[in-house]
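Engineer: okay, sequence plus prediction incoming.
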Amino acid sequence: DVKVTQSSRYLVKRTGEKVFLECVQDMDHENMFWYRQDPGLGLRLIYFSYDVKMKEKGDIPEGYSVSREKKERFSLILESASTNQTSMYLCASSLAQVLAPGNHFEQYFGPGTRLTVT
Amino acid sequence: GQNIDQPTEMTATEGAIVQINCTYQTSGFNGLFWYQQHAGEAPTFLSYNVLDGLEEKGRFSSFLSRSKGYSYLLLKELQMKDSASYLCAVYYGNNRLAFGKGNQVVVIP
């Protein structure tokens, strides 16, 4: 079974703090993703990585950065947390890069980190 | 931009069949995914369709029509544990999935 773990289920931080969210997967997946999920807005992609040290911006990268130094670990960094970054953060990983019948492109999600910025 | 539309909520009776619709308009299309998400939990993968037609997996089936930009998820023999949000997601290229806002299904006895 694929396992994606996230460092915290709940986190409370103050405005202006630097925040690190960690994600680890144990299935040797190439691709890793960070999303945020907000009521009425659904899941939105922040950043993703298709290889170690490689990253691409998603739809809402402003105010965030990422780091992938090892294949199994993908970190999301909030440089200076703000109240509008209060959200549920979900990490995901997937194996293949080419979608075709039989390929395992489905993304597997971690349990999520509910971040509150006060 | 990517546009994925799903109904917001529906209620169905235990043992019944429910159909959850999804329409999409995206800049590219390489496949459509369905995920289930229970309250407070992570989404879990249910099915995906790359080609037109019906894919069946036990009590769950998913249908795709690429020409119509339309998919549905069919849940048969509804159980109380099926109460959840069902997310439609389109893979539109370069590792990117666009998610709908989810359809909350409430199963009543």
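Structural biologist: Great, that's in hand.

Engineer: longest strand in chain B, please.
Structural biologist: Under DSSP state E, the strand in chain B containing the largest number of residues is strand B:84-93.

Engineer: do I have it right that A:Val24 meets A:Arg73?
Structural biologist: Yes: with the criterion set as C-beta atoms under 8 Å, A:Val24 and A:Arg73 qualify as a contacting pair; they are 5.2 Å apart. The C-beta positions use only the backbone N, C-alpha and C, and glycine is treated the same way.

Engineer: and for residue 54, nearest residue in space, chain neighbours not counted?
Structural biologist: All of this refers to chain A. Here the nearest residue to A:Met54 in space, its sequence neighbours aside, is A:Arg68; by C-beta to C-beta, 6 or more residues apart in numbering or on different chains that works out to 7.2 Å.

Engineer: um, chain B though
Structural biologist: For B:Leu54, ignoring the flanking residues on the chain, the nearest one in space by C-beta to C-beta, 6+ apart is B:Phe63 at 4.9 Å.

Engineer: quickly list what the one you found is bridged to.
Structural biologist: Beta bridges link B:Phe63 to B:Leu54, B:Tyr72, judged by DSSP bridges.

Engineer: so who does the residue most central in space within chain A touch?
Structural biologist: For chain A, the residue whose C-alpha lies nearest the mean C-alpha position (C-alpha atoms, centre = their mean) is A:Trp34; its distance is 2.1 Å. With contacts defined as C-beta atoms under 8 Å, 6 or more residues apart in numbering or on different chains, the neighbours of A:Trp34 are A:21, A:23, A:45-48, A:58, A:64, A:66, A:74, A:76, A:89-91.

Engineer: OK, contacts around the residue nearest to A:Val19 when sequence neighbours are not counted?
Structural biologist: Computed as C-beta to C-beta, 6+ apart, the closest residue to A:Val19 that is not its neighbour in sequence is A:Leu78, at 4.0 Å. Under the criterion of C-beta under 8 Å, 6+ apart, the neighbours of A:Leu78 are A:Lys13, A:Glu17, A:Lys18, A:Val19, A:Leu21, A:Gly63, A:Tyr64, A:Gln85.

Engineer: so what does the fourth one look like in phi/psi?
Structural biologist: Okay, so that is A:Val19. Torsion angles at A:Val19 (phi, psi; degrees, to the nearest 10) stand at phi -120, psi 140.

Engineer: and it, what pLDDT?
Structural biologist: In this prediction, A:Val19 carries a pLDDT score of 97.

Engineer: next SSE downstream of the longest strand belonging to chain A?
Structural biologist: Longest strand of chain A, by residue count under DSSP E: strand A:42-51. Scanning forward in sequence from strand A:42-51 by DSSP states H and E, the next helix or strand is strand A:54-57.

Engineer: buried set for that next one?
Structural biologist: Buried residues in strand A:54-57, counting neighbours by 16 or more other C-beta atoms under 10 Å in any protein chain shown, are found at A:Lys55.

Engineer: what does stretch A:65-73 give?
Structural biologist: Residues A:Val66, A:Ser67, A:Arg68, A:Glu72 are the ones in stretch A:65-73 that count as buried (16+ other C-beta under 10 Å).
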